[in-house]
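Enquirer: Have a look at this prediction, sequence included:
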Amino acid sequence: MAAEQFVYFHGQPGSPDELSLAAAAGLFAPDRARDRPDLPLGPYLDHLTATVLERYPAGPIRLVGFSLGAFVAIEVALRITGREVSLDLVSPAAPLGCGDFLPDMAGGAVFGLAARRPGLFALLTRAQGWFAARAPGVLFRQIFAGAAGADADLARDPAFQAMIGRVLTHGLAGGAKGYRREVLGYVAWTPDRLSGLTHPVTLWQGEADTWTPPAMARALARLLPQVRAVHDFPGLSHYSTLRAALPTILGGTD
């Protein structure tokens with residue numbers, strides 16, 4: 001049996017540096033925040049799919065999508081035919097049309113603004129980019145003020161603080177165009193896209209997640225045609241679930 005070839009899709013705002021949570025080195029992780037910011041979302045997803053297939057022209061491909069990266073992993077998988085593909089969706093974001101998620105999402109106000117007032121959302125991201133470039137610690141404290149479950153413990157870890165500081169600077173300052181492109185595409189994403197995904201999917205969800213609430217994973221489990229397993233993590237939240245799930249995923253097991 002050919003070895004699985006992994007592709008990691010980071011969250012938003014995010015970067016491949018998220019992989020440092022599980023000391024995952026050498027994994028192919030496209031830097032979507034800064035990759036081809038000139039392209040609108042549809043052509044960019046086509047470009048991203050072509051990049052994956054150029055990297056791995058033969059053999060099985062395992063797509064790992066974290067948070068908003070689940071949206072991208074699904075869209076890339078929909079574009080791959082005639083290949084053995086599987087998906088691991090960790091702390092996954094489901095289409096907003098699958099349920100009334102926004103009131104329970106820590107970033108719900110931002111996604112709601114992107115959906116209703118994209119111009120104001122763009123202004124907000126410019127302000128966030130300014131803080132990310134000049135005062136990432138202030139932005140970190142604002143974002144993680146309500147951290148739940150094991151993420152609250154992570155938020156007190158200096159190494160985690162430093163990693164998230166790098167992620168915020170990378171994704172909101174230097175990669176703001178890529179971030180806006182993806183968030184605006186995500187809030188317009190419709191549940192009917194899920195029915196076309198015939199590749200097998202494994203879901204990994206923290207029960208204390210306030211960024212992508214467990215109801216999102218339950219919606220994906222209900223609507224995706226080929227869900228082979230759902231792994232729930234009591235007491236874990238968003239990043240703590242990623243830290244717990246990655247070693248198992250990269251070990252080639254479910």
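Expert: Thanks, I have the structure now. Residues are numbered from 1 along each chain as shown.
Enquirer: Please count neighbours and contacts with C-alpha atoms only from this point.
Expert: Will do.
Enquirer: Can you show me the CA trace of the worst-scoring helix or strand of the chain on mean pLDDT as CSV?
Expert: When each helix and strand of the chain is scored by mean pLDDT, DSSP states H and E, helix 136-143 comes last, with a mean of 89. Backbone C-alpha positions of helix 136-143 (Å, rounded to 0.1, in the frame of the first residue of the first chain) are rendered in CSV as follows:
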residue,chain,number,x,y,z
PRO,A,136,0.3,41.3,18.8
GLY,A,137,0.1,40.8,22.6
VAL,A,138,-2.9,43.2,22.9
LEU,A,139,-4.7,41.3,20.1
PHE,A,140,-3.8,38.0,21.7
ARG,A,141,-5.3,39.0,25.0
GLN,A,142,-8.5,40.3,23.3
ILE,A,143,-9.0,37.1,21.3
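Enquirer: Pull out the buried positions in it.
Expert: Of the residues in helix 136-143, 136, 137, 139, 140 count as buried by neighbour count, 16 or more other C-alpha atoms under 10 Å.
Enquirer: okay but the second one is in contact with residue 166, surely?
Expert: No: Residue 137 is beyond contact range of residue 166, at 10.2 Å (criterion: C-alpha atoms under 8 Å).
Enquirer: what comes into contact with the least confident helix or strand of the chain?
Expert: If you take C-alpha atoms under 8 Å, 6 or more residues apart in numbering as the criterion, helix 136-143 is touched by 128, 131, 132, 161, 164, 165, 168, 169.
Enquirer: Let me know the next secondary structure element after that helix.
Expert: Next helix or strand after helix 136-143 toward the C-terminus (DSSP states H and E): helix 150-154.
Enquirer: Let me have the buried residues of helix 136-143 in a markdown table, extended by distance to residue 120.
Expert: A markdown table is the format used below for the buried residues of helix 136-143 (distance: C-alpha to C-alpha, whole Å):
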| residue | distance to residue 120 |
| --- | --- |
| 136 | 22 |
| 137 | 24 |
| 139 | 19 |
| 140 | 22 |
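Enquirer: ok, of these, which one's closest to residue 22?
Expert: Residue 22 lies nearest to residue 140 out of the buried residues of helix 136-143, by C-alpha to C-alpha, at 20.3 Å.
Enquirer: how close does the closest one get to residue 55?
Expert: Distance, residue 140 to residue 55, using C-alpha to C-alpha, to the nearest Å: 34 Å.
Enquirer: Same question for residue 177.
Expert: Per C-alpha to C-alpha, residue 177 is found 25 Å from residue 55.
Enquirer: Neighbour count: the two, which is higher?
Expert: For residue 177 and residue 55, the more surrounded residue by other C-alpha atoms under 10 Å is residue 177, and the numbers stand at 23 against 12.
Enquirer: is it fair to say the more buried one lies in a helix?
Expert: Yes: Residue 177 sits within a helix when classified using DSSP: H, G, I helix; E, B strand; the rest coil.
Enquirer: Correct me if wrong: it contacts residue 35.
Expert: No: contact between residue 177 and residue 35 fails when scored by C-alpha under 8 Å: they sit 9.6 Å apart.
Enquirer: still on that earlier bit, just the buried residues of helix 136-143 now: which is nearest residue 86?
Expert: Using C-alpha to C-alpha, the buried residues of helix 136-143 come closest to residue 86 at residue 140, 33.3 Å.
Enquirer: How much space separates the closest one from residue 48?
Expert: Here the criterion is C-alpha to C-alpha. By it, residue 140 lies 29 Å from residue 48.
Enquirer: count of residues packed around residue 38?
Expert: Using other C-alpha under 10 Å, residue 38 has 12 other residues around it.
Enquirer: Is it in a helix, a strand, or coil?
Expert: Three-state assignment for residue 38 (three-state DSSP): coil.
Enquirer: what's the answer for the one 4 residues further on, then?
Expert: Here residue 42 takes the helix state, with states given by three-state DSSP.
Enquirer: how far away is it from residue 49?
Expert: Using C-alpha to C-alpha, we find residue 42 at a distance of 11 Å from residue 49.
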